[in-house]
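Peer 1: curious how this folds, go ahead:
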Amino acid sequence: MFSGAFGQMLAGTAQGNPAVVAGPVTWSAGIVGQHPAATNAAFATLQLLLALGLAWRPAVKVTLAASVAWSLAVWWLGEGLGGVLTPAASPVTGAPGAAGIYALLAVLLWPAGRGGSSSFAAGRAVGALPARLLWLVLWGSMAYLALQAANPMSQGMRDMIAAMAAGEPGWIASIDHLAVALLAGHGPQASAILAVVLDVVAAGVFLPPRAARVTLILAAAVALAIWVVGENFGGIFTGSATDPNSGLMLALLAAAYWPAGKAVPAAAAGAPAAPARPERPERAARAARAARAA
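Peer 2: Numbers count the residues shown, from 1 in each chain. As a prediction, the model looks like this:
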């Protein structure tokens, strides 16, 4: 990403977006294209600092806040809002965008204060119901995108996966070619089945814990399948990837919704309980003598 190709890649995310989204994308891509080495070095340094900040407990909240701001900037200027406003947006190729999921994870995993509780990690900061509603919106929007006009076309999904094979090593390209052969002429059926599965996943977190766990396993399986087949591991083996894409993040998100056996207080979840201080023998003896005297 230290070449002019970085700016060209960013500019490509403006395609198909409305002017209010595409304008800032094109403007920022122009700056990156003029100074690719300096801007990419700055971006990489910032992301390394975010990683280190998350590993240092006193800086976690500041780092998560910075992560939300950075993720939203990348979601708009680097991903074109994940392409959700374009006709070709599809969860198979990454919509609604990995950076948006980074921001969502940062909010859901915010260190909770005292008093809150939830049976799953993602609900400890914002509450169980808001967290479930956010899950519903995310996965429900993916189901909608799967049924967009461009995706159910007879060759729509097939063509999207076929295009991903370019630049991939042979073993990944062979997976793409197999998927293309299976999908040939079955675009509407594949899109409909995918939409139904995504809808089931969207509603599954409202089920009792045992059924919710089954749904979350399904969510992780779908996410990883998308990551392998539709996203080719985020393109990390091509040498031109900037992140692992959305599939891996969706699987991580599913883990954050995994229900425990019972609700865990937020304060207890955020830090280990302090061990009880053993009472000194002489103090115990004095207390016993005072009790006998009374």
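Peer 1: go through stretch 11-31 and flag the buried ones.
Peer 2: The neighbour-count check on stretch 11-31 (16 or more other CB atoms under 10 Å) flags A11, T13, A14, G16, N17, V21, A22, P24, V25, T26, S28, A29 as buried. All C-beta atoms are positioned from the backbone trio N, CA, C, and that covers glycine.
Peer 1: got it, and stretch 223-242?
Peer 2: 223, 226-235, 241-242.
Peer 1: how about stretch 124-136?
Peer 2: Buried-residue list, stretch 124-136, by 16+ other CB under 10 Å: R124, A125, V126, A128, A131, R132, L134, W135, L136.
Peer 1: can you lay out the residues you listed as a markdown table showing distance to V196 and pLDDT?
Peer 2: Shown next, in a markdown table, are the buried residues of stretch 124-136 (distance: CB to CB, whole Å; pLDDT from 0 to 100):
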| residue | distance to V196 | pLDDT |
| --- | --- | --- |
| R124 | 31 | 92 |
| A125 | 31 | 93 |
| V126 | 28 | 93 |
| A128 | 26 | 95 |
| A131 | 24 | 97 |
| R132 | 20 | 97 |
| L134 | 21 | 98 |
| W135 | 17 | 98 |
| L136 | 15 | 98 |
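Peer 1: show me the residues you listed that map onto helices.
Peer 2: A128, A131, R132, L134, W135, L136 (DSSP state H).
Peer 1: of those residues, closest to S67?
Peer 2: Here the nearest of those to S67, counting by CB to CB, is L134; it sits at 16.6 Å.
Peer 1: now do the contacts for that closest one.
Peer 2: Applying CB atoms under 8 Å, 6 or more residues apart in numbering, one finds that L134 lies in contact with L104, L108, V126.
Peer 1: next: M160.
Peer 2: A88, S90, V92, T93, G230.
Peer 1: how close does the last one get to A212?
Peer 2: Computed with CB to CB, to the nearest Å, the distance linking G230 and A212 is 25 Å.
Peer 1: tell me what the host helix or strand of A202 is packed against?
Peer 2: Using DSSP states H and E, A202 falls within helix 187-204. Helices and strands touching helix 187-204, by 3 or more CB pairs under 8 Å, 6 or more residues apart in numbering; DSSP states H and E, are helix 128-146, helix 156-164, helix 209-225.
Peer 1: let's have those helices in TSV, adding distance to A38.
Peer 2: Converted to TSV, these look like this (distance: least, CB to CB, whole Å):
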stretch	distance to A38
helix 128-146	35
helix 156-164	31
helix 209-225	35
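Peer 1: hey, least reliable of the ones you listed by pLDDT?
Peer 2: Lowest mean pLDDT within the helices and strands packed on helix 187-204: helix 156-164, at a mean of 79.
Peer 1: so the helix or strand that it is followed by versus helix 187-204, what angle?
Peer 2: Downstream of helix 156-164, the first helix or strand assigned by DSSP H and E is helix 170-183. Using axes from the mean of the first three to the mean of the last three CA atoms, to 10 degrees, the direction of helix 170-183 lies 100 degrees away from that of helix 187-204.
Peer 1: what is the rounded mean pLDDT of helix 170-183?
Peer 2: 89.
Peer 1: what ranges in the chain fall below the confidence cut-off?
Peer 2: 113-116, 149-156, 261-294 (pLDDT under 70).
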